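A.B. asks: pasting the sequence and the predicted coordinates here, then a few questions.
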Amino acid sequence: MPEPSAPSVVPGGRRAVPLPIVLVGPMGSGKSRVGARLAASVGAPFIDTDQRIVERHGPIEQIFERDGEAAFRVLEREVVAEALREAAVVSLGGGAVLDADTRADLAGLAVVRLDVRPEAVAPRLSGGTRPLLADGGLERWTRIREERRPLYDEVAGLSIDTTRRSVARIVEEITEWAGGRA
């Protein structure tokens, strides 16, 4: 279980923001892009748990092919548990919330669910290497999103649809919300 976070002061004298701030949501919802901008905005490190897995264990699609999804989820759980103990903006992989221990670790943290409509995510996913979308494309993405929605809703204190919103506005909204939690 993560230790209680100490607020980090936002540059420019704005309100303190408790860290970690965690982004959850379906593939292609903008977690990495928003997370990087949010981290820069609040002066905190950015952790993309999928990227950490790649750095330590190789490409995710290769882990799926070589060892299967269950083995990937074990690696993911370890990386997520570690990241949630850091004073950072943390982007979780779309399926990280499937783990009950991860959901328990998120309780009490500043968690934001990013979502996107299917018509807007299609271009974001085209040409990708996401193993769960290899067969089924957008239809499979929609099914996965709907299956996981209750878990995202369970852990998130704020939900934002990224379909037609600028990254700057999303970052501003998250910062205002998180600042109210400090």
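C.D. replies: Good, I have the coordinates.
A.B. asks: from now on I want contacts and neighbour counts done on CA atoms only, so please keep to that.
C.D. replies: OK.
A.B. asks: quick check: longest helix of this structure.
C.D. replies: For the chain, the longest helix by residue count, based on DSSP state H, is helix 137-155.
A.B. asks: buried set for it?
C.D. replies: For helix 137-155, the buried set under the neighbour-count rule, 16 or more other C-alpha atoms under 10 Å, comprises 138, 141, 144-145, 148-149, 151-153, 155.
A.B. asks: name the helices or strands packed onto it?
C.D. replies: Packed against helix 137-155 by the contact rule (3 or more C-alpha pairs under 8 Å, 6 or more residues apart in numbering; DSSP states H and E) you find strand 110-115, helix 118-125.
A.B. asks: got the angle between that helix and strand 110-115?
C.D. replies: Using axes from the mean of the first three to the mean of the last three C-alpha atoms, to 10 degrees, the inter-axis angle of helix 137-155 relative to strand 110-115 is 150 degrees.
A.B. asks: immediately after helix 137-155, which helix or strand?
C.D. replies: strand 158-161 (DSSP states H and E).
A.B. asks: quick one: strands adjacent to that following strand?
C.D. replies: Under the criterion DSSP bridges, strand 158-161 sits next to strand 110-115 (parallel) in its sheet.
A.B. asks: list the contacts of the strand it pairs with.
C.D. replies: Residues from elsewhere that reach strand 110-115, judged by C-alpha atoms under 8 Å, 6 or more residues apart in numbering: 18-26, 29-31, 152-153, 155-163, 174, 178, 181.
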